[in-house]
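K.L.:
Need coordinates for the following:
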Amino acid sequence: MALTPRKLGKIVQKITLVVSTRYLFENWLSAALRYLLIKYGLVSGFVIIKCGGKLYKLCPSLYRFVINNYYNDNYNRDKTIAGLECFEAHTFRSVATSIKIIPPCLVEFDYVGKRVRLFDPFPFLQDILFENFYGGAYDELDVRGRVVVDVGAGIGDTAILFLSRGASRVIGLEPHPRLFDLACINVRINGLEDRVELLNAALATSNGYTYAPEEETREYTLFKPASQGRLIKTMTLRSIVESYGIVDGVLKMDCEGCEYQVLEHINVDTLKAFRQITVEYHNGPEPLISLLKDAGYDVVVKPIRSTSTPVEKQGYIVAKL
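P.N.:
Numbering: from 1, shown residues only. The predicted structure follows:
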């Protein structure tokens, strides 16, 4: 297979990334080699890193997150420190916040004056921190005192975000069992159980039941029913509005593509139970813009800040009555 300039560039970038970790870990080279062995299934376990003469275990996803964000200058720290601090107690500084990574699986950070804790968020942490919390993905929404229906609740991060910004209650739907289980943990460790109702359910055009595959989910994907796995509900937006008596609510949809079918089959009365709607679209903003405008909403489109994806392909629609 020919070595193209693009492939060569990627190889050089990866080598540069690994070499940059000499400022983070005293055993930077052996840590990088062990990570590669784990990645390709040659060994199992943790990446062992050494800081301040002490050894720490990092799960591979935590190691990858730390070095990628360090390389991309998402941490405003002195690169001449050469790993002299204790990693366990080290606080990374980013824009307007402090992020504390507690091996092996816990991340803590500040948001609007509150301390947020997330368990095992590492495959999604780039989006969670630099898109949702600090990228302003949902800053246009005024959730104060309102019920938020959170479609695509993920690991519970957006439910925590909305409650931190003053929402009275969040109804979260997440069909993927692994993500749903993490969401339940994260809501609990943030002490928000009394203000969040999480449903292991998929938003659909009809009410019923289906199976969801239970394998590990390391990325956000469009939910596809399976022939076996965990039995979950399928729910219409109308049934949610009626069941929870939603009036003047807020709707957030990030369901990796289900937004088109669901919104195209919804009636205007159900839609208008939500004074504000934000939709992350994945295949262009039409016909969602037309649908929302026809229902009486003022609509704006905004890009996703954490990627370079053009707004014609993927972005946010923010709609308000």
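K.L.:
where does stretch 107-127 sit relative to the chain's centre, distance-wise?
P.N.:
How far stretch 107-127 lies from its chain's middle: 10 Å, per CA atoms, centre = their mean, to the nearest Å.
K.L.:
can you check stretch 122-131 too?
P.N.:
Centroid separation between stretch 122-131 and its chain, computed with CA atoms, centre = their mean, is 5 Å.
K.L.:
ok, now which ones touch residue 179?
P.N.:
Under the criterion of CB atoms under 8 Å, 6 or more residues apart in numbering, the contact list for residue 179 reads 153-155, 217. For glycine as for every other residue, the C-beta is placed from the backbone atoms N, C-alpha and C.
K.L.:
So which bits of the strand or helix carrying it are buried?
P.N.:
Counting by DSSP states H and E, the secondary-structure element that holds residue 179 is helix 177-189. Burial within helix 177-189, assessed by neighbour count using 16 or more other CB atoms under 10 Å, is assigned to 177-187.
K.L.:
Same check on stretch 133-148?
P.N.:
Taking 16+ other CB under 10 Å as the basis for neighbour counts, the residues of stretch 133-148 that come out buried are 133-135, 137-138, 141, 143, 146-148.
K.L.:
What mean pLDDT does it get?
P.N.:
When pLDDT is averaged along stretch 133-148, the result is 93.
K.L.:
how many other residues sit next to the residue lying closest to residue 314 once chain neighbours are set aside?
P.N.:
Distances taken as CB to CB, 6 or more residues apart in numbering place residue 282 nearest to residue 314, at 5.5 Å, with adjacent residues excluded. Using other CB atoms under 10 Å, residue 282 has 17 other residues around it.
K.L.:
Residue 236 now?
P.N.:
The local packing count at residue 236 equals 18, with neighbours defined by other CB under 10 Å.
K.L.:
tell me the contacts of the closest residue to it other than its chain neighbours?
P.N.:
Closest residue to residue 236 apart from its sequence neighbours, by CB to CB, 6+ apart: residue 207 at 5.8 Å. Residue 207 makes contact with 233-236, 239, according to CB under 8 Å, 6+ apart.
K.L.:
Check which helices and strands the helix or strand hosting residue 70 sits against.
P.N.:
Of the helices and strands defined by DSSP H and E, residue 70 is found in helix 60-71. Helix 60-71 is packed against helix 5-20, helix 28-39, strand 47-51, helix 125-127, with contacts defined by 3 or more CB pairs under 8 Å, 6 or more residues apart in numbering; DSSP states H and E.
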